[in-house]
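> Give me a 3D structure for the following:
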Amino acid sequence: MACLNSLPVELLHHVCIYLNSKEVLQMISVNRYFYTILYSNLFQNVKIDGTRKLHLFLTALENGRQNSAHYGWATKTFQIVYTPIMRHQLAILLQECPRISELDMDSIAWHHICPHKRGRIWNPNSDAFRECLNITFTQYQNLTVLSLNLSGYTSQIIDIYQLLPLVSGLHTLKLLNVYHLLTMNDMDKIHTYCPRLMDLTLSGFCLNRTRIPLPVTQCLTLRHLCIEFSSGWSYYYNWLWYIGRKYINLSSLRCECTSAMGIRSPSVLDEQEMEEGFTVFAQQHALTLKKLELINIVFDKSFMEALRDPYGINYFYGNDDDDIMINIDDDIDNKDHVGSMMDWNTTATPMRRTRASLTSAKFNNHTTFIKPEVFVSILHYVQHTIRTLSIAWPMMGPDHIHLCNCLMRCVFLTELAIQIPGYMVGMADNNETVPFDQILQCCPLLIKLHINHGKIYMVGHGNHNGSVNTLNYPLKTLVLEFVFIPSCFMVMENYGLLNLEQISLDHCAIYNMNPRTPSNPKIMLDWLFPIPAPPSLIESDSTLTLPRRPLTISLYHNLFVNPETNMASLVCDYVSISQHGKGEEGSWILRSGYIQKILRMSSSMLRRKSGQLKRNNYRQQVPSEFHDGQAPTTPNVGILLYCHSVDSLCVNGLQLI
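Model (predicted):
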């Protein structure tokens with residue numbers, strides 16, 4: 001330790017680069033010099049994710065107790081996950097870190113803090129838990145951010161809202177996996193105890209249908225609201241009505257049904273109440289809402305026709321005018337409650353012209369297809385301002401061109417995610433196909449495309465004979481999950497994908513359809529990527545600036561289908577990924593079969609010919625007679641690479657380069 005203290009600070013910085021967080025804590029607990037010189041901000045944001053790290057952290061706090069600048073006084077953010085914390089350790093934390101303003105604890109920590117009756121994990125002692133809550137949050141009354149993941153340990157036993165009076169200064173509150181009933185009176189209680197709340201996340205609750213308290217007390221501070229409910233889904237439209245009346249300045253809303261079945265039977269829903277609930281919500285938030293996510297919610301005709309004002313203007317489908325007129329009555333809260341909470345409508349007041357201002361939206365359903373007319377209505381609703389859109393893909397049939405053309409209305413769209421219910425994939429009618437090239441043509445600014453389930457096909461774009469397409473789309477990121485892909489689709493030059501920087505294939509079924517592949521029982525995929533501009537071209541034209549395009553390819557648990565046997569395998573014999581150009585100097589090969597150990601590539605190895613690559617740090621050597629484009633005769637391990645346009649390669653989650 002004395003030798004380390006004598007080193008220059010610059011050299012110490014270099015040495016500490018190779019230390020992990022546990023070693024850093026251990027060094028600081030032994031010698032304060034490392035904290036003073038190198039890690040003065042180490043204890044500001046603390047994340048504990050292991051028992052050993054918790055012990056080192058508490059030891060460092062106790063060892064630095066006698067110093068004028070106490071370690072724990074600098075701690076502002078404390079997060080403990082996957083780590084049991086005992087009562088005496090909690091007492092040390094409360095004593096040594098009195099200035100924590102952001103606290104995040106998960107169920108594992110709470111489970112070990114509180115003793116349990118008869119050793120049952122799922123039956124905590126409510127009195128002990130209440131005592132721990134009082135001790136902890138009496139100490140931390142100045143919290144501004146609180147996140148508790150309880151994982152059901154307080155289900156039907158603890159009134160979790162009893163801690164709110166102790167943390168009245170919260171700006172952000174997250175109660176996760178609580179498994180309680182959630183009523184509108186509970187929402188009022190939360191805002192009564194925490195009047196400054198700006199971000200509220202509630203998950204694991206069961207929505208409860210109760211009479212909405214009238215008049216509804218408006219909340220002016222809340223900006224972000226997330227409600228993930230597991231049951232009580234039949235009443236979500238009542239909650240949208242309530243949200244529309246209570247949170248008038250809301251800018252972000254996420255409403256998700258986490259039930260495995262989702263909302264699949266619209267017949268049990270009251271269509272009139274649905275329409276009134278959506279109407280109030282849309283009228284209130286047409287100007288303020290920037291991000292809207294409705295997941296596993298009914299998307300049917302009732303949803304499309306829900307947003308109508310007394311003059312018959314449909315807010316989702318709208319009309320051909322640029323502006324959409326809506327009607328808001330600010331005195332609506334003073335109306336009498338007659339019968340149902342939604343028996344009355346908004347009164348006629350002077351209309352003001354406005355339109356939806358959403359920049360990010362998600363309309364997904366994991367259990368059923370969205371109807372084409374609803375799909376068109378949503379696109380019309382978000383067309384003026386939307387930039388990031390995630391939407392369930394409809395059963396298109398012969399109308400795929402018309403539906404894709406609706407994407408042209410979204411003139412600012414840069415990120416698009418398409419989702420198809422997984423259980424629908426593989427149907428004989430091919431309604432789950434996704435017209436890849438048609439989407440790119442209709443979204444000229446699209447830089448990121450994410451497709452989840454379905455089949456890739458090309459409507460009429462691209463040349464399968466090898467000639468280069470003149471179009472060049474700005475798409476940079478392509479993510480495909482659980483998608484059926486023809487191998488010839490990866491000939492990027494044929495489809496105008498010259499700007500791709502990242503490709504990720506996750507659990508995809510890849511069919512070998514490349515005509516250049518020899519007919520043999522082996523599975524070979526030949527993917528062609530554009531070659532960068534040659535140095536001679538750049539040197540001859542000083543005005544030409546074509547930087548080397550980085551390309552990241554990620555492969556995760558894909559199926560490779562042999563066309564001769566029509567059988568799928570988790571691995572293929574080898575994958576050939578090459579550049580478009582003469583000669584073999586621009587090709588590299590990944591053999592993904594029988595992998596035993598991964599070889600990490602370096603810049604010096606990239607400059608060598610793949611057939612000359614030899615290393616001793618993987619178990620089985622590559623045969624010296626192996627050349628590009630030829631499969632080895634014996635199983636082998638490793639990667640052969642010689643490519644100017646590929647910067648990194650990731651296989652099954654392991655970064656190779």
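> Quick check, L478 in contact with L500.
Yes: using Cβ atoms under 8 Å, L478 makes contact with L500 at a distance of 6.1 Å. (Glycine included, C-beta is placed from N, CA and C.)
> can you count the residues close to P444?
P444: 11 surrounding residues under other Cβ atoms under 10 Å.
> how about the strands of the stretch 151-300 of the chain, start to end?
172-176, 181-182, 199-207, 224-231, 252-257, 291-295 (DSSP state E, counting those that start in this stretch).
> and what of the stretch 1-150 of the chain?
Counting by DSSP E, counting those that start in this stretch, the stretch 1-150 of the chain has strands at residues 45-48, 77-80, 102-105, 145-149.
> Of the ones you listed, which is nearest N249?
strand 145-149 (19.9 Å; Cβ to Cβ).
> Is H453 located within a strand, as I assumed?
Yes: counting by DSSP: H, G, I helix; E, B strand; the rest coil, H453 is found in a strand.
> how about the nearest residue to it once chain neighbours are set aside, phi and psi?
Spatial nearest neighbour of H453, excluding adjacent residues (Cβ to Cβ, 6 or more residues apart in numbering): I420 at 4.1 Å. I420 adopts backbone torsions of phi -120, psi 140, taken as degrees, to the nearest 10.
> ok, now N558?
The phi/psi pair for N558 (degrees, to the nearest 10) is phi -90, psi 160.
> For burial, what's the neighbour tally of the nearest residue to it once chain neighbours are set aside?
In this structure, N558 finds its nearest non-sequential neighbour in C508, 4.8 Å apart by Cβ to Cβ, 6+ apart. Neighbours of C508 under the rule other Cβ under 10 Å: 20.
> May I have the phi/psi pair for C508?
Taking degrees, to the nearest 10, you get phi -100, psi 150 for the backbone angles of C508.
> Tell me who's in contact with it.
C508 makes contacts with 480-485, 558-559, as judged by Cβ atoms under 8 Å, 6 or more residues apart in numbering.
> Could you identify the buried members of the residues you listed?
Among the contacts of C508, those classed as buried by 16 or more other Cβ atoms under 10 Å are 480-481, 483-485, 558-559.
> In the stretch 51-200 of the chain, where is pLDDT below threshold?
In the predicted model of the stretch 51-200 of the chain, residues 64-69, 111-129, 152-158 satisfy pLDDT under 70.
> can you give me the helices in the stretch 151-300 of the chain?
Assigned by DSSP state H, counting those that start in this stretch, the helices in the stretch 151-300 of the chain fall at 184-193, 236-246, 271-285.
> Pipe those into CSV and attach distance to T138 and mean neighbour count per row.
As requested, these are exported to CSV (distance: least, Cβ to Cβ, whole Å; neighbours: other Cβ atoms under 10 Å):
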stretch, distance to T138, mean neighbour count
helix 184-193, 15, 17
helix 236-246, 30, 23
helix 271-285, 38, 21
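> could you dump those to CSV with distance to R130?
CSV is the format used below for these (distance: least, Cβ to Cβ, whole Å):
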stretch, distance to R130
helix 184-193, 16
helix 236-246, 29
helix 271-285, 37
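> Nearest to E293, out of the strands of the stretch 1-150 of the chain?
strand 145-149 (19.5 Å).
> Pull up the pairing partners for the closest one, direction included.
strand 102-105 (parallel), strand 172-176 (parallel) (DSSP bridges).
> Pull out the buried positions in the last one.
Neighbour counts over strand 172-176 (16+ other Cβ under 10 Å) mark 172-176 as buried.
> likewise stretch 207-226?
Residues of stretch 207-226 classed as buried by neighbour count (16+ other Cβ under 10 Å): 207-208, 212-213, 216, 219, 222-226.
> What's the end-to-end length of stretch 374-393?
One end of stretch 374-393 to the other measures 10 Å (Cα to Cα, to the nearest Å).
> wait, isn't P195 in contact with S168?
Yes: if you go by Cβ under 8 Å, P195 and S168 touch, sitting 7.3 Å apart.
> where does this structure have its least confident helix or strand?
The helix or strand of the chain with the poorest confidence is strand 324-326; it has a mean of 31 (mean pLDDT, DSSP states H and E).
> dump the residue contacts of the residue nearest to T138 when sequence neighbours are not counted.
The spatially closest residue to T138, leaving aside those adjacent along the chain, is L166, at 5.9 Å (Cβ to Cβ, 6+ apart). L166 makes contact with 133-134, 137-138, 141 under the criterion Cβ under 8 Å, 6+ apart.
> and of the buried residues of stretch 207-226, the nearest to S360?
H224 (12.2 Å).
> thinking L480 is in contact with H453, fair?
No: the pair L480 / H453 is not scored as a contact, 9.7 Å apart, by Cβ under 8 Å.
> What confidence value was assigned to the residue nearest to H453?
Listed pLDDT for I420 reads 84.
> so how far is F412 from it?
25 Å (Cβ to Cβ, to the nearest Å).
> Neighbour count for these two, which is higher?
The neighbour comparison of I420 against F412 (other Cβ under 10 Å) goes to I420, with 27 against 12.
> Tell me the spacing between the more buried one and Y381.
21 Å.
> which residues touch T75?
Counting by Cβ under 8 Å, 6+ apart, T75 touches 43-44, 46, 97, 99-100.
> Spatially, which pair of those residues is furthest apart? Let me know, please.
Across these, the longest distance by Cβ to Cβ is 12.0 Å; it joins V46 and R99.
> out of these two, which sits in the more crowded spot?
It is V46, of V46 and R99, that has more neighbours when counted by other Cβ under 10 Å, with 22 against 12.
> gap between the residue nearest to N558 and Y495?
Using Cβ to Cβ, C508 is found at 17 Å from Y495.
> what's the answer for Y193, then?
56 Å.
> next one: H380
H380 is 29 Å from Y495, where distance means Cβ to Cβ.
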